[in-house]
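K.L.:
Kindly generate the corresponding structure for this input.
(one chain, ligands or ions: 1)
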Amino acid sequence: MYENFGRAALADICDDWVIYRNLEPLDKRVPGLKHAFYDMELRSEQIPRKQDRDYAKAAVWFVNRIQQVRGVRTPIGELLFLGDTLFNDGQAFANMIDESGWRGACFIGAERLDQEPATRIEQETIYIANRWSSLAEWVAALKAQGFRLDASTAVIIDIDKTAIGAKGRNDKVIDRARLAGIYRTMDSVLGEDFDQALYEQHYNELNRARYHLLTADNQDYLAYICMVLNTRLISLDEVVREVESKSLDSFEQFIRWVDSRMMINPSAGEALREVHEAVNGSVRIGDPTPFKRFRRQEFVSTMEHMGNMPDSASVQELLENEITITEEVYQLAQWLKARQCQILCLSDKPDEASRPHPRVSPDLAPLHRAQTHRVGVDLREALSKL
Ligand SMILES: [Mg+2]
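P.N.:
Numbering: from 1, shown residues only. Below is the predicted model of the structure:
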């Protein structure tokens with residue numbers, strides 16, 4: 001049922017209308033959070049998380065600004081939102097509707113081939129499906145409900161596990177690329193002393209909800225903590241004990257703990273020092289992506305998984321080894337684009353994991369310009385009947 005539709009890039013559907021975690025649009029005709037936070041009615045240039053109210057304020061502001069830059073006189077009156085998580089994407093959508101008063105509809109997809117095709121609706125406007133191909137029925141229903149689907153419609157598409165690496169179908173490759181980035185970083189920082197098995201054990205333990213006060217569910221924090229544990233400057237037992245007795249309840253506190261251990265035991269902390277100082281500096285200015293070195297390697301390994309398979313590879317081989325474009329999302333986006341809808345890729349993905357770094361990866365294209373295979377179910381016939 002899946003087919004390979006050849007190669008394409010995300011930019012084919014959204015051009016440079018891409019905004020990552022820092023909320024700085026790639027298309028510089030629209031300013032970002034740093035310069036426009038006041039105009040967005042935000043209190044500071046602190047980067048909000050996707051489910052925060054402030055995130056929705058910024059997103060609505062971007063959509064309105066893009067509409068001006070597109071030179072479309074009709075104001076935005078409708079929002080379609082495509083994502084893969086109810087908690088993040090669904091919440092961002094609901095908040096945006098609340099902020100803007102627009103008419104809206106949200107699609108949350110996750111392929112579950114072991115289940116019968118099923119859909120359900122939450123909060124009246126969020127459509128949850130276990131097939132990405134249900135996008136066709138979803139948009140048909142919107143049309144029947146009187147959605148205009150024209151220049152007054154904004155379409156926001158999540159990137160990871162939605163536009164690329166479809167959840168439930170191809171998302172494991174995204175996770176694998178991130179992990180490869182982590183291990184490469186650990187190898188370069190810790191050298192031969194890096195113990196991967198130990199790292200995995202620490203990661204699996206600390207990635208649980210009971211440690212969220214310490215890790216804030218932030219993958220940069222987690223990678224850094226596991227790196228420190230790998231040097232044996234602090235042990236997992238100590239961390240567990242401190243968390244249980246509630247004497248360790250924030251990442252900032254963990255950093256201070258590392259500081260004092262490094263003072264007592266300078267040689268054990270030697271390999272860590274550079275990363276430690278960089279992470280510490282970023283955390284102090286409220287940067288949600290403080291482990292830059294890891295994210296830059298994640299970008300390199302992500303790009304190694306884009307379009308890396310030969311055109312002759314089977315669909316199964318593509319889905320197992322390459323981060324592919326989700327064909328159903330691609331086709332729907334092209335259909336909406338032809339109807340003059342505004343298309344914006346909005347993602348929580350760190351900028352550092354999505355764009356080349358002049359020193360680390362000067363020869364790589366940005367992620368949204370990388371060519372990779374389009375794989376999925378053909379919806380063209382269904383869409384052509386609408
Ligand atoms: Mg996602």
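
K.L.:
what about the longest helix anywhere in the chain and the ion, any contact?
P.N.:
Longest helix in the chain, counting residues (DSSP state H): helix 171-190. No - for helix 171-190, no contact with the ion is found by C-beta under 5 Å from the ion; the gap never falls below 8.5 Å. In short, each C-beta sits where N, CA and C put it, glycine included.

K.L.:
Flag every buried residue along that helix.
P.N.:
171, 173-174, 176-178, 180-186, 189-190 (16 or more other C-beta atoms under 10 Å).

K.L.:
Closest one to Arg49 out of those residues, please.
P.N.:
Here the nearest of those to Arg49, counting by C-beta to C-beta, is Arg178; it sits at 18.3 Å.

K.L.:
Contact partners for the closest one?
P.N.:
Listed by C-beta atoms under 8 Å, 6 or more residues apart in numbering, the contact partners of Arg178 are Gln219, Glu298, Ser301, Thr302, Ala353.

K.L.:
Neighbour count and distance to Leu229 added to these, as TSV?
P.N.:
Shown next, in TSV, are those (neighbours: other C-beta atoms under 10 Å; distance: C-beta to C-beta, whole Å):
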residue	neighbour count	distance to Leu229
Gln219	19	16
Glu298	27	20
Ser301	19	22
Thr302	26	25
Ala353	25	23
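
K.L.:
for these, which one is nearest Arg232?
P.N.:
For the contacts of Arg178, the residue nearest Arg232 by C-beta to C-beta is Gln219; the value is 22.3 Å.

K.L.:
so how far is the ion from the residue nearest to Ile126 when sequence neighbours are not counted?
P.N.:
Closest residue to Ile126 apart from its sequence neighbours, by C-beta to C-beta, 6 or more residues apart in numbering: Cys106 at 4.5 Å. Remark: distance between Cys106 and the ion (C-beta to the ion, to the nearest Å) = 13 Å.

K.L.:
doesn't Cys106 fall inside a strand?
P.N.:
Yes - assigned with DSSP: H, G, I helix; E, B strand; the rest coil, Cys106 falls within a strand.

K.L.:
my guess is it meets Tyr127, correct?
P.N.:
Yes - shown here, Cys106 and Tyr127 form a contact pair, counting by C-beta atoms under 8 Å, at 6.7 Å.

K.L.:
between these two, which one's more packed in?
P.N.:
Cys106 (27 against 20; other C-beta atoms under 10 Å).

K.L.:
and this protein, which residues reach the ion?
P.N.:
Checking the chain against the ion by C-beta under 5 Å from the ion, the hits are Asp84, Asp158, Asp160, Lys161.

K.L.:
As CSV, these with pLDDT would be great.
P.N.:
Listed next are the residues of the chain next to the ion as CSV, based on pLDDT from 0 to 100:
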residue, pLDDT
Asp84, 97
Asp158, 98
Asp160, 97
Lys161, 97
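
K.L.:
For the residues you listed, give me TSV that also has neighbour count.
P.N.:
Below are those laid out as TSV (neighbours: other C-beta atoms under 10 Å):
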residue	neighbour count
Asp84	25
Asp158	27
Asp160	23
Lys161	23
